[in-house]
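# Fold the following, please.
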Amino acid sequence: MSGDFPKNAEEARLDRDTTREELTETLAALGQKLDVKARVKENVDEKLDQATAKVADVTNEPTAAKFRQGADAVRANPVPVFAGVLGLLILIRLILRRRNS
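Have a look, this model is predicted:
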């Protein structure tokens, strides 16, 4: 359709269907771009795959598999890991403060 009004009902239906398909594709693309959570997850998965490959290059395959399992466990339960790291940082700070006193 060249931007002119359709000449008959069939042409109008085809124009409507074409426009509907284009809008559906556009909305799907926008939805994917706006889904930040999914994009971050994909990015993390990609980086984790790269890190696992580097671990496999430096060490043996079972070690890389254990690394991947550990990373997946951290991703599944980030709160306990975050709490543990925070506790460790607080402990280190307390130790350093006592040494400096």
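# Going by C-alpha atoms from here, please, whenever you check contacts or count neighbours.
OK.
# Let me see the contact set for the residue nearest the centre of the chain.
The geometric centre of the chain, computed from its C-alpha atoms, lies nearest to Lys41 (CA atoms, centre = their mean), at 1.6 Å. Going by CA atoms under 8 Å, 6 or more residues apart in numbering, Lys41 touches no other residue.
# Neighbours of Thr52, how many?
The local packing of Thr52 (other CA atoms under 10 Å) involves 20 other residues.
# Can you give me the buried ones in the longest helix anywhere in the chain?
Here the longest helix in the chain is taken by residue count, with DSSP state H as the criterion, and it is helix 9-34. In terms of neighbour count (16 or more other CA atoms under 10 Å), helix 9-34 has its buried residues at Asp15.
# Secondary structure class of the residue nearest to the centre of the chain, three-state.
The assignment at Lys41 comes out as helix when based on DSSP: H, G, I helix; E, B strand; the rest coil.
# Can you give me the pLDDT of it?
At Lys41 the predicted local confidence, pLDDT, stands at 84.
# now Val79
For Val79, the model assigns a pLDDT of 86.
# low pLDDT regions in this protein?
1-3 (pLDDT under 70).
# State the distance from the residue nearest to the centre of the chain to Leu48.
Note on Lys41: its distance to Leu48, by CA to CA, to the nearest Å, is 10 Å.
# Point me to the helix or strand that includes Thr52.
Assigned by DSSP states H and E, Thr52 belongs to helix 36-58.
# again, but for Ala73
Element membership of Ala73, judged by DSSP H and E, is helix 61-76.
# got the buried residues for that helix?
For helix 61-76, the buried set under the neighbour-count rule, 16+ other CA under 10 Å, comprises 64, 67-68.
# Between those, which sits nearest Thr24?
Checking the buried residues of helix 61-76 against Thr24 with CA to CA, the nearest one is Arg68 at 37.7 Å.
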